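Participant: Output the structure for:
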Amino acid sequence: MSKVKKIEVLDAEIRIMTSGHQDYISLTDMLKAKDGDFFISDWLRNRNTVEFLGIWESVHNPDFNYGEFATIKSQAGLNSYKLSVKERIAKTGSMIKERCQ
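Facilitator: Coordinates of the predicted model:
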C-alpha cells in the first residue's frame with residue numbers, strides 16, 4: 001500500500017508518495033509551482049520527457065501499453081503534438097501521476 005505525504009517548498013505544496021521502501025516526488029507539483037499548468041503541457045511535448053517517462057514505465061509498470069507509447073514517442077517534439085496527462089494515462093496505462101492523486 002502506498003502513502004502520500006506533502007511537504008512545503010518555497011510556499012508550494014509538493015506531494016511525495018511512498019511505495020514499499022521507495023519515495024516518489026511529484027514532478028507535476030514542482031512544475032506547477034514554478035510555471036503553472038501551461039508549462040506542464042509544454043513539458044509533456046518534449047521528446048526527452050516522453051522518452052524518460054517511457055523508460056520509467058518500462059521499469060515500474062508491467063501493464064504499460066508500449067504500442068500506444070510508440071505512437072506518442074514518434075510524435076513528441078513536433079509542433080503539432082499535444083497530449084495532456086489525462087490522455088497519456090488513458091492511452092498508455094501510465095502509473096505516473098495517477099499514483100500520486
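Participant: roughly how far is stretch 71-86 from the heart of the chain?
Facilitator: Stretch 71-86 sits 13 Å away from the centroid of its parent chain (Cα atoms, centre = their mean, to the nearest Å).
Participant: Report pLDDT for residue 19.
Facilitator: Looking at residue 19, its pLDDT reads 77.
Participant: burial count for it?
Facilitator: Residues lying near residue 19 (other Cβ atoms under 10 Å) number 14. In this view, the C-beta of every residue, glycine as well, is placed from N, C-alpha and C.
Participant: beta partners of it?
Facilitator: Bridge pairing for residue 19 (DSSP bridges) gives the partners residue 22.
Participant: Quickly note the distance from it to residue 43.
Facilitator: 23 Å (Cβ to Cβ, to the nearest Å).
Participant: Next: residue 63.
Facilitator: For residue 63, the distance to residue 43 (Cβ to Cβ) stands at 24 Å.
Participant: before we move on, what about residue 88?
Facilitator: From residue 88 to residue 43 the distance is 12 Å (Cβ to Cβ).
Participant: hang on, the earlier thing: more crowded one of residue 63 and residue 43?
Facilitator: Neighbours per residue, other Cβ under 10 Å: of residue 63 and residue 43, the larger number sits with residue 43, 15 against 9.
Participant: Give me the below-cutoff pLDDT ranges for the chain.
Facilitator: Within the chain, the stretches falling below the threshold (pLDDT under 70) are 1-2, 34-41, 97-101.
Participant: Which stretches in it count as helices?
Facilitator: 27-45, 47-60, 66-75, 85-92 (DSSP state H).
Participant: Same list (these) but as a markdown table, adding distance to residue 11.
Facilitator: Conversion of the helices of the chain to a markdown table gives the following (distance: least, Cβ to Cβ, whole Å):
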| stretch | distance to residue 11 |
| --- | --- |
| helix 27-45 | 8 |
| helix 47-60 | 25 |
| helix 66-75 | 34 |
| helix 85-92 | 23 |
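Participant: Ok, which of the ones you listed comes nearest residue 9?
Facilitator: Taking Cβ to Cβ, helix 27-45 is the member of those nearest to residue 9, at 7.4 Å.
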